[in-house]
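Student: Next input, structure requested:
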Amino acid sequence: MIGLLAAVAAGAATGNRARAATTERVVVDRFTGLAVGGMDPVAYFTESRAVPGQADIEASLAGAVWRFRNDDNRAFFLAHPEIYGPQFGGYDPVDVARGVTVAGRPQVWLVAGQRLYLFARIESRDAFAADPAAILQEARARWPHLRDALAQ
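Tutor: From the prediction side, this is the model:
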């Protein structure tokens with residue numbers, strides 16, 4: 001019982017990052033299988049904010065469960081997951097550019113060039129916003145190797 005309480009306390013202290021699987025090609029919550037923390041990925045584009053998806057409006061794609069606010073958003077996502085899904089599988093592009101995979105957080109995001117990016121830290125988002133072209137060039141060069149090293 002004490003061990004269980006310690007594990008729960010340790011998990012609460014580390015926040016969402018501890019629950020995100022960083023061995024998958026798409027970042028998912030290792031307990032629920034949810035991508036983007038259960039947020040509707042299309043809402044980042046249509047509402048310019050993180051909006052929780054509904055448990056009864058889901059789709060499974062790329063080894064993850066995606067939730068949506070409404071059926072239209074689900075249809076948009078399924079028609080174009082390469083647009084609405086987070087780039088680099090939801091890993092922080094600044095960290096990918098450095099050659100490491102760190103799970104992005106659904107609350108720290110940016111839409112740039114008609115694509116969604118999630119970041120592990122606000123500082124990473126700010127650095128990306130200041131010079132997205134340079135960071136994307138390096139991240140795109142490193143991503144294939146990093147992606148291939150992740151679980152299949």
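Student: what ranges do the strands span in this protein?
Tutor: Assigned by DSSP state E, the chain shows strands spanning 20-21, 28-29, 54-61, 64-68, 105-112, 115-119.
Student: Tell me how many other residues crowd Arg49.
Tutor: By the criterion of other CB atoms under 10 Å, Arg49 has 11 neighbours. To be clear about C-beta, it is placed using only N, CA and C from the backbone, and glycine gets the same treatment.
Student: Identify the residues contacting it.
Tutor: For Arg49, the contact set (CB atoms under 8 Å, 6 or more residues apart in numbering) comprises Ala43.
Student: Can you give me the distance of it to Asp148?
Tutor: 33 Å (CB to CB, to the nearest Å).
Student: Least confident of the strands of the chain, on average?
Tutor: Mean pLDDT is lowest for strand 20-21 out of the strands of the chain, coming in at a mean of 51.
Student: can you list the residues that contact stretch 27-42?
Tutor: The contact list for stretch 27-42, computed with CB under 8 Å, 6+ apart, reads 16, 19-21, 26, 50-53, 62-69, 73-74, 76-77, 84-86, 89-91, 103-107, 116, 118.
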